[in-house]
Every structure is written in structure tokens, then in C-alpha cells.
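Enquirer: have a look; sequence and predicted model below, questions after that.
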Amino acid sequence: MWMKEVFGTDKPVIGVLHMHAMPTDPKYDPVTGIEGVIEAARKDLHAYQDGGIDGILFCNEFSIPYTPNVRTVTVATMARVIGELKSEIKVPFGVTVAADAMKGFDLAAAVGASFIRSVLHGAAAGVYGISDVHPGELERHRAELGLMNCKTMTAIVPEGSRQIAERPLKEVAKTLAFNLNPDTILVYSDTPGSSIDVEQVKTIKEVTDTPVFASNGVKPETIEEILSVCDGAIVATSTKFDGKFYNQVDIERVKKLMEKATMARGDK
């Protein structure tokens, strides 16, 4: 498993750093401007790191609602924020550009990310309409950028979506692993904040050796069960003040989560 080499632990917990809305985003605050985006990201970065998190995932989460063709200014702003914080980042970090995998690889190349999370395969339908991802194009772009050593994380089925072709989970896992060979398969729950179905994880593991991460519903009260079956976890809202999506990260919540994770992993 590659996680030990990158994160220093076999079952890492990665904190998503929700970057504040940027120019052209509906929720962008022109009063606080880019400096406000940077300072909010700085606070969350230090709360995660001081709380003991294993890795950071920078994401334009507050760009909601997302677009499949992310504007250049969004990627440029993300690169500036990460660049300004680079000297303060003490743990491995990755990136997500929601919801544009191609530009996610562009950002990863620009900032030197160790991993990327994105939807890298399949056709699905959900609240954002129909998404149709072409893995061959993405992998060629990744190769052109020299990112074949940048670890990839992709959902087996995107959150809040259904496959257009309703194939059995085992079949999806087998063909995903064979055709794309991602470094991590992500499992989401049906609704944000709810726990994943651990039976899905077990099903995927029956047909592939690819590491499987829980990608939502990770809390102090669920982390032990999750790490008993998963190879890692991605956490976000549960680490924030009052567990609210738009709040800043609470260091005490991070500490509590990581204490539970350390116990579950049997770390020394």
C-alpha cells in the first residue's frame, strides 16, 4: 500500500480544506476579497495540522453550485492560495477542482500536489444533470503534465448521483481497477454527513486490491468502524465548529477525531 510512503501511516485520515468562494463564484465576498480567502484557508490549515491530521485536500468547495468547465480564475486563485500557504504546509497535500478533473490535474501540476481527488470515470446523473467522464483523455493529460506519480482518488459512484447504466458494484469495481487503475477508490454515503455502507467496501475489496477510502460520514463515533474495513478516510464537515458546513475547522474536533483514529489504527 502506498499510503505509508506518502502519509507515514497505513490508514490516513485526510482533512478537506474548504476554500472560500472565489471571483465569479455566487458566494464570493468582494469586500474581504482574495485576502479573505487566503486567511480563511490559513486558519483551517493550522487547525487541521495542529489537530494531528495526516493530510490536507484543498478543494474549491464553496464554489457551489459547481460547473463541469471551471473558469480559469478559479484555478488561478486556488494556485495563489496554495502558493501563499506552501511554506506553512507540514503534511502531504492534494487538490480537488470541483467539478473539473482536467483542471484538477492542471492545478496539481502547478502546486506540486501529492494526490488528486476527482471523478475520473463513468457516466452518471444527479442534481447537476448528466456527467460523462472520459478516463482515456484524463490519463493522457495527466501523462502530458508529468503527473503519473501523483496519486489518484476517484469515487466508485459520484456522491448524490446514480450510474446511467446501473451496473453491479462488483462489475464497476473490476472494470475501474482494470481500465484506470486508480490509487484509491472512494465510497460515499447516500447523503452528506451520513455514514457509508461498509458492505459496499467489503464488496469492492472482494474483486480488487485497490485501497478503499470512506469519503464522507467520518466522525469520532464512526471512525473506528470505518478504519476497521477501509484503508483510509476523508473528513470535512464533522471537524468544523458545531459540525456546520460553512464554519471554520475546529482544532478540538480534529484532535478528538484523530485520537480515535490513532486508537483504531493501533499507532504507537
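Expert: It's in.

Enquirer: shaky segments in the stretch 151-268 of the chain?
Expert: Counting by pLDDT under 70, the stretch 151-268 of the chain contains low-confidence residues at 191-193, 268.

Enquirer: repeat the analysis, applying 90 as the threshold.
Expert: 159-160, 166, 189-198, 216-217, 266-268 (pLDDT under 90).

Enquirer: list the buried residues in stretch 160-176.
Expert: Ser161, Leu169, Val172, Ala173, Lys174, Leu176 (16 or more other Cβ atoms under 10 Å). C-betas here are computed from N, CA, C, even on glycine.

Enquirer: I should have written stretch 15-25 there, sorry.
Expert: Buried, per 16+ other Cβ under 10 Å, within stretch 15-25: Gly15, Val16, Leu17, His18, Met19, His20, Ala21, Met22, Asp25.

Enquirer: now the first one, what's its secondary structure?
Expert: In this case it means Gly15. Classification of Gly15 using DSSP: H, G, I helix; E, B strand; the rest coil returns strand.

Enquirer: can we start the residue count at 793 from this point?
Expert: That works, and once the first residue is 793, the last one we named lands at Gly807.

Enquirer: bridging residues for it?
Expert: Ile848, Val1027 (DSSP bridges).

Enquirer: and the helices in the stretch 843-992 of the chain, which stretches?
Expert: Ranges of helices within the stretch 843-992 of the chain are 864-877, 893-903, 927-936, 961-971, 990-997, based on DSSP state H, counting those that start in this stretch.

Enquirer: among the ones you listed, which comes closest to Glu1044?
Expert: helix 864-877 (21.9 Å; Cβ to Cβ).

Enquirer: starting at the chain centroid, how far to the closest one?
Expert: 17 Å (Cα atoms, centre = their mean, to the nearest Å).

Enquirer: state the mean pLDDT of that helix.
Expert: Mean pLDDT, computed over helix 864-877, is 98.

Enquirer: repeat that for stretch 880-897.
Expert: 98.

Enquirer: tell me which residues of that stretch are tucked away?
Expert: 883-897.

Enquirer: and the pLDDT for the residue nearest in space to the middle of the chain?
Expert: The centre of the chain sits closest to Arg909, judged by Cα atoms, centre = their mean, with a distance of 4.8 Å. With respect to pLDDT, Arg909 scores 98.

Enquirer: then the one 10 residues further on?
Expert: Per-residue confidence for Val919 comes out at a pLDDT of 90.

Enquirer: about what we covered before: can you tell me which two in the buried residues of stretch 880-897 are farthest apart?
Expert: Val883 and Met894 (26.2 Å).

Enquirer: I figured Ile948 hits Ile996, correct?
Expert: Yes: applying Cβ atoms under 8 Å, one finds Ile948 in contact with Ile996, separated by 6.6 Å.

Enquirer: overlap in contacts, the two.
Expert: Leu961, Ala965, Ile977, Val979 (Cβ atoms under 8 Å, 6 or more residues apart in numbering).

Enquirer: returning to what we had before: for the buried residues of stretch 880-897, which one is nearest Glu991?
Expert: Thr888 (26.4 Å).

Enquirer: before we move on, back to that, specify the beta-bridge partners of the residue nearest to the centre of the chain.
Expert: Those that pair with Arg909 in a beta bridge, by DSSP bridges, are Met945.

Enquirer: how about it, what does it touch?
Expert: Arg909 neighbours (Cβ under 8 Å, 6+ apart): Leu849, Cys851, Gly886, Val887, Thr888, Gly896, Met945, Thr946, Leu978, Ile1026.

Enquirer: can I get the shared contacts of Ile948 and Ile996 in CSV with distance to Lys796?
Expert: Below are the shared contacts of Ile948 and Ile996 laid out as CSV (distance: Cβ to Cβ, whole Å):
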residue, distance to Lys796
Leu961, 27
Ala965, 23
Ile977, 18
Val979, 21
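
Enquirer: pipe the buried residues of stretch 807-817 into CSV and attach pLDDT per row.
Expert: Converted to CSV, the buried residues of stretch 807-817 look like this (pLDDT from 0 to 100):
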residue, pLDDT
Gly807, 98
Val808, 98
Leu809, 98
His810, 98
Met811, 98
His812, 98
Ala813, 98
Met814, 98
Asp817, 98
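
Enquirer: and which of these is nearest Arg872?
Expert: Met814 (9.6 Å).
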